[in-house]
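Need a 3D model of the sequence below.
(one chain, ligands or ions: 1)
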Amino acid sequence: QQLPRIKILATGGTIAGKGTSPNAAGYQAGVTPINDMIDAVPGIDKLATLSAEQVSNIGSQDMTVAIWLKLAKRIDEIFKNDEADGIVITHGTDTMEETAYFLSLTNRYSNPVILTGSMRAGTAMSSDGPKNLYNAVQVAADPLSKEKGVMVVFNGSILDAREVVKTNTTHVDAFTAPNTGPMGQVLGETVRYYTTELRAANKNTPFDVTKLDKLPNVAVVLLFADVSDVAINAYVKAEVDGIVTAGLGDGNLNEINTAAVMKATNKGVAVCRASRVPTGRVILNDETDDKKIGSIVGDDLNPQKARILLMLGLTQSKEKETLQNYFFKY
Ligand SMILES: NC(=O)CC[C@H](N)C(=O)O
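Below you'll find the predicted structure:
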């Protein structure tokens, strides 16, 4: 029986980290080459026929649009040329949720693309990297994952790219899907799905980035009690294409920022209201009059994910209704 062909694209992160202390603290992310990482995982070669490429080797706090585009183009090429059946991406945890969502919106194939990483460097006691990498290859190679597209596999959970959020700064169980829960679990030799993703773009994605070398510039602004309008005004002055507000409660803005948003949208800046609250939706024309101030809403996407969709949406249209519909669809 032939093993599935899995391509590992390595980008860095703690999973490629090295330190001098066996205690998890104090290490450098993004240093170990991918082939050394694979060698540290017993039995991984029995799961799939593996090949690996180093796309970058960085801490994911330094993730860039340029690397996102490079990854998206390489994924497209791998599936178009039938170079692999599935892909595993090793990635730092800080921005993994953003990369996962970006790739889920841009991937034109439904083959599995699994992101994973670790919270403890390979040199730390009880490093979680080898097991996470093993689990990621298991999920990518499993027949049940065939049409499931982009997911995150971490600490035994399988999480949808749209829903996954880093919800702990240091624990090995760093990722959850606060609005929906995980899609499934990988335990021992078995992969189990409980649920399916409802909002995947996949094959029919309108966001083809294979010919782009940059994306629209979208900023995020955090709201808090008595916040001034300095940030929104500065971004408008800097001529950003869009602003996502990490608003109060169900995406509310205080008076001064309501006025600042109205000025921004009048100047043609797309403004999407999201919330700083970790779960729940932001409703159109609820407490805030979106019609009047020219804003749209991010539904239940967190601000950093709403930014990704607004960046990609703006590659297609500046029209408010079109952009709003992307947020209800994806
Ligand atoms: N656990 C981690 O991967 C964090 C390391 C680093 N900040 C990164 O995101 O790459």
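
Give the buried residues for stretch 236-245.
Residues 236, 240, 241, 242, 243, 244, 245 are the ones in stretch 236-245 that count as buried (16 or more other CB atoms under 10 Å). Bear in mind the C-beta positions are built from the backbone N, C-alpha and C, glycine included.

quick one: the closest residue to the ligand within the chain from residue 311, how far?
Nearest residue of the chain to the ligand (CB to the nearest ligand atom) works out as residue 92 at 1.7 Å. In this structure, residue 92 and residue 311 are 20 Å apart, going by CB to CB, to the nearest Å.

what do you get for residue 68?
Applying CB to CB, the value for residue 68 to residue 311 is 10 Å.

for the buried residues of stretch 236-245, which one is nearest residue 20?
Taking CB to CB as the measure, residue 244 is the one of these closest to residue 20, at 39.5 Å.

my read is that closest one is in a helix, agree?
No - counting by DSSP: H, G, I helix; E, B strand; the rest coil, residue 244 falls outside a helix, being strand.

Renumber starting at 12 from here on
Sure, I'll start counting at 12 from here, so that last one is residue 255.

mind listing what it touches?
Contact analysis of residue 255 by CB atoms under 8 Å, 6 or more residues apart in numbering lists 229-232, 282-285, 309, 314, 317-318, 321.

how does it look with 10 Å?
Taking CB atoms under 10 Å, 6 or more residues apart in numbering, we find residue 255 in contact with 229-232, 281-285, 309, 312-322.

give me the beta-bridge partners of it?
Beta-bridge partners for residue 255, by DSSP bridges, are residue 231, residue 283.

Tell me the pLDDT of it.
Per-residue pLDDT puts residue 255 at 99.

about what we covered before: and for residue 79 and residue 322, which residues touch both?
Common neighbours of residue 79 and residue 322, using CB under 10 Å, 6+ apart, are 113, 220, 226.

Not counting its neighbours along the chain, what's nearest residue 171?
By the measure of CB to CB, 6 or more residues apart in numbering, the closest residue to residue 171 outside its immediate chain neighbours is residue 208, 4.5 Å from it.

looking at it, the one you found is touching residue 174, isn't it?
Yes - contact criterion CB atoms under 10 Å: residue 208 and residue 174 qualify, at 7.9 Å.

between the two, which one's more packed in?
residue 174 (27 against 19; other CB atoms under 10 Å).

gap between the more buried one and residue 201?
In terms of CB to CB, residue 174 sits 22 Å off from residue 201.

what residues does the stretch 62-211 of the chain put near the ligand?
Neighbours of the ligand within the stretch 62-211 of the chain, by CB under 6 Å from any ligand atom: 70, 71, 72, 103, 104, 105, 128, 130.

which pair in the residues you listed spans the largest distance?
Spanning the widest gap among those are 72 and 130, at 14.5 Å by CB to CB.

higher neighbour count, those two?
Using other CB under 10 Å as the criterion, residue 72 and residue 130 rank with residue 130 on top: 26 against 11.

The more buried one belongs to a helix?
No - read with three-state DSSP, residue 130 is coil and lies in no helix.

Show the contacting residues for the closest residue to it other than its chain neighbours.
Spatially, and ignoring its direct neighbours in sequence, residue 130 is nearest to residue 183 (4.8 Å; CB to CB, 6+ apart). Residues counted as contacts of residue 183 (CB under 10 Å, 6+ apart) are 35, 129, 130, 131, 137, 138, 139, 142, 143, 165, 166, 167.

Which elements pack onto the longest helix belonging to the chain?
In the chain, taking DSSP state H as the definition, the longest helix is helix 76-91. Secondary-structure packing of helix 76-91 (3 or more CB pairs under 10 Å, 6 or more residues apart in numbering; DSSP states H and E): strand 16-23, strand 60-69, strand 97-101, helix 107-117, strand 124-127, helix 314-324.

would you put the C-alpha positions of the fourth one in CSV?
C-alpha atoms of helix 107-117 as CSV (Å, rounded to 0.1, in the frame of the first residue of the first chain):
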residue,chain,number,x,y,z
MET,A,107,-0.7,31.1,13.3
GLU,A,108,-4.4,31.9,13.4
GLU,A,109,-3.9,34.7,10.9
THR,A,110,-1.8,32.6,8.5
ALA,A,111,-4.3,29.8,8.8
TYR,A,112,-7.3,32.0,7.9
PHE,A,113,-5.4,33.8,5.1
LEU,A,114,-4.5,30.4,3.5
SER,A,115,-8.0,29.1,4.0
LEU,A,116,-9.4,32.0,2.0
THR,A,117,-6.8,31.8,-0.7
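
by how many degrees do that helix and helix 314-324 diverge?
30 degrees (axes from the mean of the first three to the mean of the last three CA atoms, to 10 degrees).

Tell me, how many residues neighbour the residue of the chain closest to the ligand?
Neighbours of residue 103 under the rule other CB under 10 Å: 24.

So it sits against residue 74, correct?
Yes - with contact defined as CB under 10 Å, residue 103 reaches residue 74; the gap is 7.4 Å.

quick one: common contacting residues for these two?
Between them, residue 103 and residue 74 share these contacting residues under CB under 10 Å, 6+ apart: 22, 23, 24, 110.
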